[in-house]
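[1] coordinates only, no sequence provided:
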């Protein structure tokens, strides 16, 4: 494999591009949502144009939402790294707490596992004789 999908420089360029597009969408969405809300609910628009302004208001809100989603997607690597780093200490502590219990359980299961292994070996030897 040539590693074309794991190219760090390509990733950084795409991330920068997506961040720029997401900020543009967020700003346009906020402007459209606030402006449309003021026009719609401030009685600045004649009744004939209310449907068009209402559609623009909803479109501004949708663009704001899509911009935020794109921003989260562009930064998903950083978000995942943060989540992993915050969980590692908890996992280490849990392993320290579980180690004695697992060790004790393995000591109790060892004789039974040994017996099972002997029976399996015995069955294989008998099978080879036949």
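    Okay, I see it. This structure is a prediction, so every number in the text was calculated from the model and none was measured.
[2] so where's the longest helix in the protein?
    helix 76-129 (DSSP state H).
[3] distance of residue 86 from residue 114?
    Shown here: residue 86 relative to residue 114, a distance of 42 Å by CB to CB, to the nearest Å. Backbone N, C-alpha and C define where each C-beta goes, glycine included.
[4] how about residue 43?
    From residue 43 to residue 114 the distance is 86 Å (CB to CB).
[5] how about residue 18, nearest residue that isn't a chain neighbour?
    Excluding the flanking residues, the one nearest residue 18 by CB to CB, 6 or more residues apart in numbering is residue 74, at 3.7 Å.
[6] that neighbour: neighbour count?
    Residue 74 is flanked by 19 other residues according to other CB atoms under 10 Å.
[7] for it, what are its contacts?
    15, 18-19, 22 (CB atoms under 8 Å, 6 or more residues apart in numbering).
[8] which ones among the residues you listed lie within helices?
    15, 18-19, 22.
[9] neighbour-wise, which one of those leads?
    residue 22 leads the ones in helices among the contacts of residue 74 on contacts (other CB under 10 Å) with 20 neighbours.
[10] for stretch 106-122, the distance to its chain's centre please.
    In this view, stretch 106-122 has its centroid 43 Å away from the chain centroid, taken as CA atoms, centre = their mean, to the nearest Å.
[11] so what's the model's average confidence on it?
    Averaging pLDDT along stretch 106-122 yields 82.
[12] which residues touch stretch 25-34?
    With CB under 8 Å, 6+ apart, stretch 25-34 has contacts from 56-57, 59-68, 70-71.
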